[in-house]
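Participant: Generate coordinates for the sequence data below:
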Amino acid sequence: MARIFSGVSSVIATGLMRRILFRGAIAVGEFVESDDAVLGPAVIDAAHWYEMPDFFGAIATPNAMFSIETILADKPAEEGSEDWPVGASESMGRPYEVPLKNGKCLKTHAADWTISAWVRSREASENMEKWFYSILQKFPVSPEVEAKYRNTVAFLHHCRKTRKSNRRRVRP
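Facilitator: Numbers count the residues shown, from 1 in each chain. Next up, the predicted model:
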């Protein structure tokens, strides 16, 4: 699961660097593929959810969250346990209440593209917000998509805030 989120985060960050805004959904389950198509319950699950978020990025579908919660349920009870490395739960996406186009929010995990951007872009590593705003200013913002931009900025702030908070809790 962690590799899936890492790969999706990298695609989103690379897209931003190339001035492409992605959105999507991460599903878990069975599928079949041929030279011409990919079909199955996981594909249908992702298809139902990829356009629902009102931000740029990717989310875990509610069904994928069952897999994430199963993995997280194995987390050791004692904080600081060596069996559960620092940052392991964050590797399965950033817990977030994602605003949806229907006005509701979905409590799920979202791909944290800010880490990939920080690693891949000197400008992002020096000043993430400045880098991100410089990309957004290149796109026209119509009234129909203004909330999507605002919600993406809110996600960026959430990622930075939770990362700073997590750093303070880590013991030497």
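Participant: Figure out how far the helix or strand containing Ala58 is from the centre of its chain.
Facilitator: Using DSSP states H and E, Ala58 falls within strand 57-60. Put simply, strand 57-60 sits 5 Å off its chain's centre (Cα atoms, centre = their mean, to the nearest Å).
Participant: average model confidence for that strand?
Facilitator: Rounded to a whole number, the mean pLDDT of strand 57-60 is 96.
Participant: Can you show me the strands along the protein?
Facilitator: Using DSSP state E, the strands of the chain run over 23-26, 32-33, 38-39, 57-60, 94-99, 105-110.
Participant: Deepest-packed of these, please.
Facilitator: strand 57-60 (a mean of 28; mean count of other Cβ atoms under 10 Å). Heads up, the C-betas are built off the backbone N, CA and C, glycines and all.
Participant: packing partners for that strand?
Facilitator: Counting contacts by 3 or more Cβ pairs under 8 Å, 6 or more residues apart in numbering; DSSP states H and E, strand 57-60 packs against helix 2-17, strand 23-26, strand 105-110.
Participant: So which helix or strand of this protein has the lowest pLDDT on average?
Facilitator: helix 146-169 (a mean of 83; mean pLDDT, DSSP states H and E).
Participant: how near is the residue of the chain positioned farthest from its centre to Val141?
Facilitator: Distance from the C-alpha centroid of the chain, by Cα atoms, centre = their mean, peaks at Asp35 (28.8 Å). Look at Asp35 and Val141: by Cβ to Cβ, to the nearest Å, they are 40 Å apart.
Participant: hang on, the earlier thing: and the helices and strands packed on strand 57-60: which comes nearest Met65?
Facilitator: Nearest of these to Met65, taken as Cβ to Cβ: strand 105-110 at 5.6 Å.
Participant: Flag the shaky bits of the chain, pLDDT-wise.
Facilitator: For the chain, the stretches flagged by pLDDT under 70 are 75-90, 164-172.
Participant: Contacts only, for the residue positioned nearest the centre of it.
Facilitator: The centroid of the chain falls nearest to Ala111 when counting by Cα atoms, centre = their mean (1.5 Å). Residues in contact with Ala111, defined by Cβ atoms under 8 Å, 6 or more residues apart in numbering, are 5, 8-9, 12, 26, 57-59, 93-94.
Participant: Ok, Ser9 next?
Facilitator: Listed by Cβ under 8 Å, 6+ apart, the contact set of Ser9 reads 58, 111-113, 115-116.
Participant: okay if I get those as TSV plus distance to Ala147?
Facilitator: What follows is the contacts of Ser9, written out as TSV (distance: Cβ to Cβ, whole Å):
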residue	distance to Ala147
Ala58	18
Ala111	20
Asp112	21
Trp113	19
Ile115	25
Ser116	24
